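In: make a model of this:
(one chain, ligands or ions: 4)
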Amino acid sequence: MATNGELPYEPHKTFDTILVLDFGSQYTHLITRRLRELNIYSEMLRCDQKLAELSWKPKGVILSGGPWSVYSADAPHVDPALFELNIPVLGICYGLQEIAWHHGKNVLAGEKREYGHATLKVERHSGKEAHIDRLFRGLEDDMEVWMSHGDKLSQLPPKFQTIATTTNAPFAGIAHESQEYYGIQFHPEVTHTPRGTQLLKNFAVDICKARQDWTMDKFVDKEIARIRALVGEKGQVIGAVSGGVDSTVAAKLMNEAIGDRFHAVMVDNGVLRLNEAKIVKDTLTKGLGINLTVVDASERFLGLLKGIKDDPEKKRKIIGNTFIEVFDETAKKIAAAAEGSSRAGKIEWLLQGTLYPDVIESISFKGPAVTIKSHHNVGGLPERMDLKLIEPLRELFKDEVRDLGRNLGIPEELVMRHPFPGPGLAIRILGEVTPEQVRIAREADDIFITEIRAAGLYNQISQAFAALLPVKAVGVMGDKRVHDQVIALRAVETTDFMTADWFPFDGQFLKRVSRRIVNEVQGVCRVVYDITSKPPGTIEME
Ligand SMILES: Nc1ncnc2c1ncn2[C@@H]1O[C@H](COP(=O)(O)OP(=O)(O)OP(=O)(O)O)[C@@H](O)[C@H]1O
Ligand SMILES: O=c1[nH]c(=O)c2[nH+]cn([C@@H]3O[C@H](COP(=O)(O)O)[C@@H](O)[C@H]3O)c2[nH]1
Ligand SMILES: NC(=O)CC[C@H](N)C(=O)O
Ligand SMILES: [Mg+2]
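Out: Residues are numbered from 1 along each chain as shown. Ligands and ions are numbered 1, 2, ... in the order given. Prediction:
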């Protein structure tokens, strides 16, 4: 990851922070999500993070689940210094086993594995011991929880007490008598544990005393001040914007910080949605005051895409590489124009809309042979351009970016836009991309999205579009035989775009859309609705 010496904004220096140490569970990022939803700042680091190397002190630490068994030789372990910091610790699943192992080497393989729903019995204490019940305070005595484990504690570690049980796990919840160490065998971060967020709140707010003041209005001021300090009085920044949520919010933030010393570039690659370049130009320049150059490179892109029929990856590569070339050429022109200007200096910075899930992806603990996946929003740009990166959204989840956008005065309609992929309609037009195919896909897509908005469904759907299938079907229109192509509608609901389900439209809605597309879009005689979930399908068609 090329950060080229950028000074990151470090919210953990301003906001009370719960540190989540990742042992490789699929759900670790959800712990951070849930805490953020409670307006508590949380960050994730690898489980083997040396705590002395942190320049800040967390209010509390959560140890995540993970695929290993603590007793095996290659199992990862937390820095033992954790237990000398005198801060609260909550272990979840593997995390519970790790706390127990640290205190007494008392974990072994259970006879029965336990996956899925379980009913937890909370044990309450009285008198001197009542403080150990704080984790379950306000929760029911019988709680629905979700389990995913095979190992178990053979006995309580010294000075620990049981605070919850299930029929299969006699130590489903444990707490230390005098230190603020808690362990739970179930996963509070998943939605299958309905009261899980309350439990995390009990830990973070009541036990760790973390303030719930992580809000986007506070983030905005700090981030603007940081950008100004970073870029200086004269520094200039360039950035690619697509009209999508992430790049628009990042661009607006830059605009607030340094005005027109930020240069936004939008590339019309010929496979944008209907009127998209114009809409984005108007919204960003007139609406938001962003200094934007739109480069019409549509003929160049479509020329290169001509004849590419079989391999979708080729389309992606052509579009990606040409995008870099066009952006690079435009940057040089903007730099040359800026040259003689006295109030501004050189373009030294490149803005990127990297989000926290990309960062998590690159630091999560994937196994003893750790794979670090590099991420690039705009593949290849930083290396090629020798610019320093500014990534103002790198601490934020998508819904926080949307909130930030609202705070910056970006209209709701734009903030809630569905994501649109860089390769655009090219990966929604199966087979060869020609100007005629682009026209058909655009018009059909526009009708579908217009109808979705009119039905008030847009914000319930995570992503929707029309794809063009280059097969011909027979139809009858006005008593004449027609032989035309097929439009496939796709609409999905998802939270993380990793898995997705198709949206259950009612029949009347689909009827209306189908009728309009067949009647209004020349070259289409059938409309189908894609009812494939992800997996096994992907969201895009190519
Ligand atoms: N047509 C384009 N012109 C300029 N930059 C683009 C274009 N398409 C994509 N990009 C760049 O690629 C980045 C990644 O695209 P991506 O679709 O992931 O994000 P986004 O468009 O900002 O937001 P969203 O996820 O809501 O679509 C964008 O942030 C933008 O910097
Ligand atoms: O900027 C992008 N460049 C791409 O090449 C690309 N491919 C898929 N997507 C988007 O990623 C999400 C998941 O898509 P898939 O299920 O098709 O992999 C969906 O939101 C897709 O729109 C892309 N976005
Ligand atoms: N989900 C987990 O953290 C599992 C932990 C451990 N490997 C077990 O099976 O018990
Ligand atoms: Mg996009």
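In: in the stretch 101-250 of the chain, which residue sits nearest ligand 4?
Out: In the stretch 101-250 of the chain, the residue that lies nearest ligand 4 is residue 244 (3.1 Å; Cβ to the ion). In short, each C-beta sits where N, CA and C put it, glycine included.
In: which residue is the nearest non-sequential neighbour of residue 141?
Out: Closest residue to residue 141 apart from its sequence neighbours, by Cβ to Cβ, 6 or more residues apart in numbering: residue 122 at 5.0 Å.
In: let me fix that: residue 70
Out: Distances taken as Cβ to Cβ, 6+ apart place residue 101 nearest to residue 70, at 4.2 Å, with adjacent residues excluded.
In: which residues of the chain score low on pLDDT?
Out: Within the chain, the stretches with pLDDT under 70 are 1-9, 340-343, 366-380, 382.
In: can you list the domain ranges for it.
Out: With domains defined by the TED database, the chain comprises 11-207, 216-416, 435-529.
In: so who does residue 144 touch?
Out: Applying Cβ atoms under 8 Å, 6 or more residues apart in numbering to residue 144 gives the contacts 117, 118, 119, 120, 192, 193, 194, 195.
In: and it, bridged to which residues?
Out: In this structure, residue 144 bridges to residue 119 when assessed by DSSP bridges.
In: what is the neighbour count of the residue nearest to residue 141?
Out: 18 (other Cβ atoms under 10 Å).
In: sorry, back to before: the residue of the stretch 101-250 of the chain closest to ligand 4 and residue 416 touch, don't they?
Out: No. With contact defined as Cβ atoms under 8 Å, residue 244 does not reach residue 416; the gap is 11.7 Å.
In: leaving out chain neighbours, which residue sits closest to residue 459?
Out: Closest to residue 459 by Cβ to Cβ, 6+ apart is residue 416, at 5.5 Å.
In: please determine how far that neighbour is located from residue 456.
Out: Applying Cβ to Cβ, to the nearest Å, the value for residue 416 to residue 456 is 12 Å.
In: sorry, back to before: neighbour count for residue 244 and residue 416, which is higher?
Out: residue 244 (17 against 13).
In: who's in contact with the more buried one?
Out: Residue 244 touches 417, 419, 420, counting by Cβ under 8 Å, 6+ apart.
In: make it 10 Å
Out: Contacts for residue 244 were tallied using Cβ atoms under 10 Å, 6 or more residues apart in numbering; they are 280, 353, 414, 417, 418, 419, 420, 421, 422.
In: next: residue 186.
Out: Residue 186 neighbours (Cβ under 10 Å, 6+ apart): 65, 92-93, 96, 114, 117-118, 120, 143-149, 164, 166, 169, 172-173, 192-193, 196, 199.
In: try 7 Å
Out: Residues near residue 186 by Cβ atoms under 7 Å, 6 or more residues apart in numbering: 118, 120, 145, 146, 147, 172, 193.
In: before we move on, what SS does the fifth one have?
Out: Spelled out, it's residue 147. strand (DSSP: H, G, I helix; E, B strand; the rest coil).
In: that one: how many residues sit nearby?
Out: 21.
In: shouldn't residue 492 be within a helix?
Out: No. Using three-state DSSP, the assignment for residue 492 is strand, not a helix.
In: please name the bridge partners of it.
Out: The partner residues for residue 492, given DSSP bridges, come to residue 463, residue 502.
In: buried stuff in stretch 253-273?
Out: Residues 253-258, 261-273 are the ones in stretch 253-273 that count as buried (16 or more other Cβ atoms under 10 Å).
In: how about stretch 162-179?
Out: Residues of stretch 162-179 classed as buried by neighbour count (16+ other Cβ under 10 Å): 162-166, 168-169, 171-176.
In: other SSEs contacting the helix or strand where residue 174 lies?
Out: Using DSSP states H and E, residue 174 falls within strand 173-176. If you count contacts as 3 or more Cβ pairs under 7 Å, 6 or more residues apart in numbering; DSSP states H and E, strand 173-176 packs onto strand 160-165, strand 181-184.
In: ok, now with 10 Å
Out: Applying 3 or more Cβ pairs under 10 Å, 6 or more residues apart in numbering; DSSP states H and E, we find strand 173-176 packed against strand 89-92, helix 94-104, strand 107-122, strand 142-153, strand 160-165, strand 181-184.
In: got the angle for the fourth one vs strand 160-165?
Out: Compare the direction of strand 142-153 with that of strand 160-165 by axes from the mean of the first three to the mean of the last three Cα atoms, to 10 degrees and you get 130 degrees.
In: following the lengthiest helix in the chain, which helix or strand shows up next?
Out: In the chain, taking DSSP state H as the definition, the longest helix is helix 312-339. Remark: after helix 312-339, the chain's next helix or strand is strand 347-351, criterion DSSP H and E.
In: is there proximity between the helix or strand following that following strand and ligand 2?
Out: Moving toward the C-terminus from strand 347-351, the next helix or strand (DSSP H and E) is helix 356-363. No. Judged by Cβ under 6 Å from any ligand atom, helix 356-363 makes no contact with ligand 2; its nearest approach is 11.5 Å.
In: got it, and stretch 231-241?
Out: No. Stretch 231-241 is not in contact with ligand 2 by Cβ under 6 Å from any ligand atom; minimum separation 11.2 Å.
In: can you pull the residues of the protein lying near ligand 4?
Out: Counting by Cβ under 5 Å from the ion, the chain comes close to ligand 4 at 242, 244, 420.
In: turn the residues you listed into JSON lines, including secondary structure.
Out: Shown next, in JSON lines, are the residues of the chain next to ligand 4 (three-state DSSP):
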{"residue": "242", "secondary structure": "coil"}
{"residue": "244", "secondary structure": "coil"}
{"residue": "420", "secondary structure": "coil"}
